[in-house]
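J.: Attaching a predicted model along with its sequence, questions to come.
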Amino acid sequence: MDSKLALPVGTTLDRFIMRNQEDFPFATGELSQLLRDLALAAKIVNREVNHSGLIGISGAYGSQNIQGEDQQKLDVIANIRFIRALRNGGEVCTIISEEDDEMIQTGNCQGKYIVAMDPLDGSSNIDVNVSIGTIFSIYRRQSGLGEDGLLSDCLQPGEQQVAAGYIIYGPCTMLVYTTGNGVNGFTYEPSLGEFFLSHQDIRIPEEGYIYSCNEGNYRYFDEGTRAYLDYCRKEALTARYTGSLVGDFHRNLLKGGIYLYPATEKAPQGKLRLLYECNALAFIAEQAGGTATNGQTRVLEIQPTNLHQRLPFITGSKNMIAKAQAIMQG
């Protein structure tokens, strides 16, 4: 018999969480359960994504979200699935979602956590079978137990995250997360219905050769950004951009690279959302040895002022970002 057939499958997400629970702040089990609730919702959304073309749930939903973006059917479905899982799990008092105007109170007034999420990032790629993803941030509530969460609970700077992660739905589905003690990735095995540890202690290379930016907006970027993109071309760096933030970030995290979504003339405050996208990915990038900035300030230090705040976003390999900032500021 082929010896490979007898190899162990590996460590499941549940077992990994249990073994490392002492790494969690305030380790009393609630955060462990919350991560399991997110993993459960990810399995359900993975099923919906894989079957969307067969059961007619791809395509536009027919309305716009608070960002003014056309919602896809799967945007709405993913939002519902994650909210339902977090509400039923009982550990979260308040949810904020890119797809909803206001805070979502779960009714779990004893819940100790706040979750910010982009339920399905990369909507423009849903219908063309390109990787899409879910992004989430977890904060410990600051207000007292026994009541709904407050706006101030949701407007905490990224430094206050107790955990963050993303799920990428691609050729295989992966869940990548950090609790402030490194970054680990888990690959979903659909026949067993389990996430298994596949990428332990992920470290982003300090140098990279990939730059990810929508160069179609080149004429609308400021002079410093254009100068850096000119440098990338001159140095023959590899351009890779899919329009799916999770997909581009995941590739650069593993291989080394820089992701840029700068401000433009049409979006002077930037386009990506601080609470739903940037904080989580910045936390992961730093825990993997990378950097995340808005061009001037470390992302995790920025104090949010509203639920749907936008900002320019640059993240990736440490040395590449240092070079980018030197050129942009010069």
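T.: The structure has been received and is ready for your questions. Residues are numbered from 1 along each chain as shown.

J.: When you work out contacts or count neighbours from here on, use the C-alpha atoms and nothing else.
T.: Noted.

J.: mind listing the strands for the stretch 1-150 of the chain?
T.: For the stretch 1-150 of the chain, the strands defined by DSSP state E, counting those that start in this stretch cover 60-64, 70-72, 92-97, 104-105, 113-121, 132-140.

J.: Which residue, other than its chain neighbours, is closest to the residue nearest the centre of the chain?
T.: The residue lying closest to the centre of the chain (C-alpha atoms, centre = their mean) is Ile135, at 3.0 Å. Leaving aside its chain neighbours, Ile135 sits nearest to Tyr166 (4.3 Å; criterion: C-alpha to C-alpha, 6 or more residues apart in numbering).

J.: Could you tell me how many residues sit around the one you found?
T.: 28 (other C-alpha atoms under 10 Å).

J.: thinking again about what came up before, using TSV, please lay out the strands of the stretch 1-150 of the chain together with mean pLDDT and distance to Ile17.
T.: Listed next are the strands of the stretch 1-150 of the chain as TSV, based on pLDDT from 0 to 100; distance: least, C-alpha to C-alpha, whole Å:
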stretch	mean pLDDT	distance to Ile17
strand 60-64	47	36
strand 70-72	62	33
strand 92-97	97	18
strand 104-105	97	26
strand 113-121	96	17
strand 132-140	96	15
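
J.: what sits against Tyr139?
T.: Tyr139 sits next to Tyr113, Ile114, Val115, Asp153, Cys154, Gln156, Gln160, Gln161, Val162, Ala163 when contact means C-alpha atoms under 8 Å, 6 or more residues apart in numbering.

J.: Distance across stretch 137-157, terminal residue to terminal residue?
T.: Length of stretch 137-157, first residue to last, C-alpha to C-alpha, to the nearest Å: 11 Å.

J.: residues of it that come out buried?
T.: 137-141, 148-150, 153-157 (16 or more other C-alpha atoms under 10 Å).

J.: give me phi/psi at Gly224?
T.: Phi and psi for Gly224, reported as degrees, to the nearest 10, are phi -60, psi -40.

J.: Can you get me a residue count around the spatially closest residue to it that is not a sequence neighbour?
T.: Closest residue to Gly224 apart from its sequence neighbours, by C-alpha to C-alpha, 6+ apart: Met328 at 3.8 Å. Neighbour count for Met328, taken as other C-alpha under 10 Å: 17.

J.: any idea how far whichever strand or helix holds Met328 is from the chain center?
T.: Per DSSP states H and E: Met328 is located in helix 318-329. Helix 318-329 has its C-alpha centroid displaced from the chain centroid by 23 Å (C-alpha atoms, centre = their mean, to the nearest Å).

J.: list the helices and strands that helix packs on?
T.: Under the contact criterion of 3 or more C-alpha pairs under 8 Å, 6 or more residues apart in numbering; DSSP states H and E, helix 318-329 touches helix 223-234, strand 257-261.

J.: Redo those as a markdown table? Include mean pLDDT.
T.: Below are these laid out as a markdown table (pLDDT from 0 to 100):
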| stretch | mean pLDDT |
| --- | --- |
| helix 223-234 | 97 |
| strand 257-261 | 98 |
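
J.: wait, which of those is closest to Leu38?
T.: strand 257-261 (25.9 Å; C-alpha to C-alpha).

J.: got the angle between that closest one and helix 318-329?
T.: Counting by axes from the mean of the first three to the mean of the last three C-alpha atoms, to 10 degrees, strand 257-261 lies at 40 degrees to helix 318-329.

J.: Can you name the next helix or strand after strand 257-261?
T.: Following strand 257-261 toward the C-terminus (DSSP H and E): strand 272-273.

J.: closest to Phe195 out of the helices and strands packed on helix 318-329?
T.: Within the helices and strands packed on helix 318-329, the stretch nearest Phe195 is strand 257-261; the backing value is 26.5 Å (C-alpha to C-alpha).

J.: thinking again about what came up before, tabulate the strands of the stretch 1-150 of the chain in JSON lines, adding columns for distance to Ile284.
T.: Listed next are these as JSON lines, based on distance: least, C-alpha to C-alpha, whole Å:
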{"stretch": "strand 60-64", "distance to Ile284": "29"}
{"stretch": "strand 70-72", "distance to Ile284": "27"}
{"stretch": "strand 92-97", "distance to Ile284": "19"}
{"stretch": "strand 104-105", "distance to Ile284": "25"}
{"stretch": "strand 113-121", "distance to Ile284": "15"}
{"stretch": "strand 132-140", "distance to Ile284": "10"}
